[in-house]
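Novice: Return a 3D structure for these sequence lines:
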Amino acid sequence: MRRLLLTCLSVLLASAALAAEPFRVGLILPLSGPFAGSIGRQVENGARLWLQTYGAEVAGQRIELVVKDDGGNADVTRRIAQELVTNERVDVLAGFGLTPLAFAAAPVAARAQVPMIVMAAATSSITEQNGFVLRTSFTMAQNTMPLAQWAARQGMKKVVTLVSDYGPGQDAEKAFVKAFSESGGVVADSLRAPLASPAFGPFLQRAKDLQPDALFLFVPNGQGADLMKAVAERGFKEAGIKVIATGDVVDDISLNDMGDVVLGMITSHHYSAAHASAENEAYRSSFMKAFGVRPNLMAIGGYDGMKLIAEALKASEGKARGAALVEAMKGKAWVSPRGPIAIDSATRDIVQTVYIREVKRVNGELWNVEFDSVSAVKDPAKN
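Specialist: Take a look at the predicted model:
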């Protein structure tokens, strides 16, 4: 009898110890370097705000963030990801501020069979790396296609594209050219500027010399202010050339610093801090109170990434890990501060509304004000 009681006690103690173990989310982000403010801190703050708002206890599990800085270096990302799955025993890898960083971590997630939630990086092919990768941010093709179609409907016939020369920029260029051409337009030239230390002047002069109806732009958020200053200096407005872009160019946290040069600019994107909904009003207010800045297009990926984890834990009563956790995440849908979103069961990529917006001055501040939208947009690169 004594031996039986000891055995039962051991089992109970082991079960209690297991239950006490937190559900660890390894959050890898560029928290130093040029993308720290516009990407890394925003995604981290989005994730933390979700936990502050809804609590870390979900389905009997206590969610714990293990935050690591990769400085935007892919080799560091790979090393940190390996340490997190080996030493920290994280249940999910998440974050990934830039495409090369997500590519670096994907093989680690596959070998460890740990779900990997991309909360920022936007190249279409990231989720195709293996079956453990999901995304709660966006893809460039997803955000670009509706703008190309809108431009054609407005009577624009000839466009020049200028993008940053890396994965998302190439995706944006391809999506714009395809959608605009299919809508009857002509892309006179497709220009690519280097991602690191770009000198936009020569590219913009080439675009202006071609005398298009419009110039389409994409650069990663954080570079938009320099780009738009160069656009103003080249006199596109005076030449009657419209400037359109993805929302990365007029990122919410730098928009007010850009000044009148961006007034009236038309962009497309999945999130604006000005989005009119009860969910976004609460989210934006809480974010600004907690962190002192507007939430931008990256923060929402961190916020909804935590929501996805919570929903999967609830669906599995807190028990799912590894491949089973991925399965529990597939098909999840809810109303985010950005609007209705879902995780596509086949591609594990996000499906969401894409908005057409205009930069307007409202109560003395610049905002991306939405005036049109396309619902339930999948990544066109996977259609």
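Novice: how far away is Asn368 from Ala196?
Specialist: Separation of Asn368 from Ala196 (C-beta to C-beta, to the nearest Å): 27 Å. Using the backbone N, CA and C atoms, a C-beta is placed for each residue, glycine as well.
Novice: And for the nearest residue to Phe200 once chain neighbours are set aside, the neighbour number?
Specialist: Take Phe200 and drop its neighbours on the chain: the residue closest to it by C-beta to C-beta, 6 or more residues apart in numbering is Ala230, 4.2 Å away. Other residues within reach of Ala230 by the criterion other C-beta atoms under 10 Å amount to 17.
Novice: Buried residues, the helix or strand Ala230 falls within. List them.
Specialist: Element membership for Ala230, per DSSP states H and E: helix 224-234. For helix 224-234, burial by neighbour count (16 or more other C-beta atoms under 10 Å) applies to Gly224, Ala225, Leu227, Met228, Ala230, Val231, Ala232, Arg234.
Novice: what mean pLDDT does that helix have?
Specialist: Mean pLDDT, computed over helix 224-234, is 93.
Novice: what does stretch 327-335 give?
Specialist: Rounded mean pLDDT across stretch 327-335 is 98.
Novice: ditto for stretch 354-366
Specialist: In this model, stretch 354-366 has a mean pLDDT of 97.
Novice: same question, stretch 65-76
Specialist: 98.
Novice: can you list contacts of that stretch?
Specialist: 24-35, 40, 44, 47-48, 51, 77, 80, 84, 88, 90, 97-98, 100-101, 103-104 (C-beta atoms under 8 Å, 6 or more residues apart in numbering).
Novice: Distance-wise, check Val354 relative to Asp70.
Specialist: 29 Å.
Novice: before we move on, the earlier item: where's the helix holding Ala230 relative to the chain centroid, distance-wise?
Specialist: Put simply, helix 224-234 sits 24 Å off its chain's centre (C-alpha atoms, centre = their mean, to the nearest Å).
Novice: between Asn368 and Ala196, which one's more packed in?
Specialist: Neighbour count, other C-beta under 10 Å: between Asn368 and Ala196, Asn368 has more, with 27 against 9.
Novice: Three-state assignment for that one, please.
Specialist: strand (DSSP: H, G, I helix; E, B strand; the rest coil).
Novice: for Leu147, same thing?
Specialist: helix.
Novice: Quick check, it in contact with Thr246.
Specialist: Yes: taking C-beta atoms under 8 Å as the definition, Leu147 is a contact partner of Thr246 at 7.0 Å.
Novice: Quickly list the domain ranges of this protein.
Specialist: 22-138+277-348, 141-269+354-382 (automatic domain parsing).
Novice: Go through those and pick out the most buried.
Specialist: Most buried of those by mean neighbour count (mean count of other C-beta atoms under 10 Å) is domain 22-138+277-348; its value is a mean of 21.
Novice: gap between the two ends of that domain?
Specialist: 25 Å (C-alpha to C-alpha, to the nearest Å).
Novice: Check stretch 257-264 too.
Specialist: Termini of stretch 257-264 sit 15 Å apart (C-alpha to C-alpha).
Novice: Same check on stretch 219-226?
Specialist: 10 Å.
Novice: hmm, back to that, residues contacting the helix holding Ala230, please?
Specialist: 198, 200-201, 204-205, 208, 215, 217, 219, 243, 248-251, 254, 257-258, 261-262.
Novice: Take stretch 121-137, keep the C-alpha atoms, and write them as CSV.
Specialist: Coordinates of each C-alpha in stretch 121-137 appear next as CSV, following Å, rounded to 0.1, in the frame of the first residue of the first chain:
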residue,chain,number,x,y,z
ALA,A,121,8.4,39.0,-43.4
ALA,A,122,6.4,39.3,-46.6
THR,A,123,7.9,37.2,-49.4
SER,A,124,5.3,34.7,-50.8
SER,A,125,7.6,31.7,-50.8
ILE,A,126,8.4,31.7,-47.1
THR,A,127,5.4,29.5,-46.2
GLU,A,128,6.4,27.1,-48.9
GLN,A,129,9.7,26.2,-47.2
ASN,A,130,8.1,23.5,-45.1
GLY,A,131,4.8,22.5,-43.5
PHE,A,132,5.6,24.1,-40.1
VAL,A,133,5.6,27.7,-41.3
LEU,A,134,2.5,29.9,-41.0
ARG,A,135,2.0,33.6,-41.4
THR,A,136,0.0,36.4,-39.7
SER,A,137,1.5,39.4,-41.4
